[in-house]
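**Q** got a predicted structure here, sequence first:
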Amino acid sequence: MNLIAHISQQFEESARIKLEAAEFLAAPLAAAVEIMTAALLDDGKILVCGNGGSAADAQHFAAELVGRFERERQGLAALALTTDTSILTALANDYAFEQVFARQVEALGRSGDVLLAISTSGNSGNVMAAIRAAHAHDMPVIVLTGRDGGQINTLLRDADISLCVPAERTARIQEVHLLMIHCLCDGIDNLLMGVET
């Protein structure tokens, strides 16, 4: 195996998928930015959930909003539902692992908030339960998925936004998810503070 060529191929594949995705994800990403910004301006918050690498992405997004992305600004209300081990383990033990995000959405979410749900497969049971809980609280949902969008697509309402990466490999999907997260953060900052020249 030519390791250098193999690594170069990874870069090329990642770049190709990102460029292909830009064609049809730019418009729904812009719509997602507008929904999130409107919620934040109306004293709402963004709740974020996902499993594994998607849990890390949820925390990354929340950190960029509560802290800062690329420019100084006030902290923005975002909460990753993946971080409190006492809550996660209590809910998994007392109810079921499928309820670890939904119960938090029930407790913390309200109309005017937004749920950002991340699942590379689109089939994560606990993410789907969180979407149902968000809908019960009249919260719009923005989903980051991959492949064909999975079962999550069947749960979405007209006001929700699906950001589905056109790729099969989990690594490639997650790479585009990270880029989309940065696009969301940048877009929110631009709407709040104006485009930096």
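**A** Structure's in. What do you need? Nothing here was measured: the structure is a model prediction, and the numbers come from that model.
**Q** let me know the average pLDDT across the longest helix seen in the chain.
**A** Using DSSP state H to define each element, the chain has its longest helix at helix 3-41. Averaged over helix 3-41, pLDDT sits at 97.
**Q** make 7 the starting number, not 1.
**A** That works, and once the first residue is 7, the last one we named lands at helix 9-47.
**Q** go through that helix and flag the buried ones.
**A** Residues 20, 23-24, 27, 31, 35, 38-39, 41-43, 45-46 are the ones in helix 9-47 that count as buried (16 or more other C-beta atoms under 10 Å). For the C-beta atoms, the positions are set from N, CA and C on the backbone; glycine is no exception.
**Q** need those residues in JSON lines (columns: distance to R116).
**A** Below are the buried residues of helix 9-47 laid out as JSON lines (distance: C-beta to C-beta, whole Å):
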{"residue": "S20", "distance to R116": "38"}
{"residue": "I23", "distance to R116": "36"}
{"residue": "K24", "distance to R116": "35"}
{"residue": "A27", "distance to R116": "32"}
{"residue": "L31", "distance to R116": "29"}
{"residue": "L35", "distance to R116": "25"}
{"residue": "A38", "distance to R116": "19"}
{"residue": "V39", "distance to R116": "21"}
{"residue": "I41", "distance to R116": "15"}
{"residue": "M42", "distance to R116": "15"}
{"residue": "T43", "distance to R116": "18"}
{"residue": "A45", "distance to R116": "11"}
{"residue": "L46", "distance to R116": "14"}
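**Q** and of the residues you listed, the nearest to G200?
**A** Distances from G200 to the buried residues of helix 9-47, taken as C-beta to C-beta, are shortest for T43 (12.4 Å).
**Q** show me the contacts for that closest one.
**A** 193-194, 197-198 (C-beta atoms under 8 Å, 6 or more residues apart in numbering).
**Q** before we move on, what about S125?
**A** Neighbours of S125 in contact, by C-beta under 8 Å, 6+ apart: 56-57, 60, 133, 149-151, 156, 158.
**Q** how far off centre is stretch 98-115?
**A** Computed by C-alpha atoms, centre = their mean, to the nearest Å, the separation of stretch 98-115 from the middle of its chain amounts to 18 Å.
**Q** residues in contact with it?
**A** Under C-beta under 8 Å, 6+ apart, the answer for stretch 98-115 is 51, 53, 55, 85, 87, 93-94, 97, 121, 131-133, 135-136, 138-140, 142-143, 145.
**Q** same check, this time on stretch 142-150
**A** 38, 41-42, 45, 53, 56, 60, 63, 111-112, 115-125, 128, 137, 140-141, 155, 158, 162-163, 165-171, 183, 186-187.
**Q** for it, buried residues please.
**A** 143, 145-150.
**Q** that older thread, from the contacts of stretch 98-115, which land in helices?
**A** Checking the contacts of stretch 98-115 against DSSP H, those in helices are 93-94, 97, 131-133, 135-136, 138-140, 142.
**Q** great, nothing more from me.
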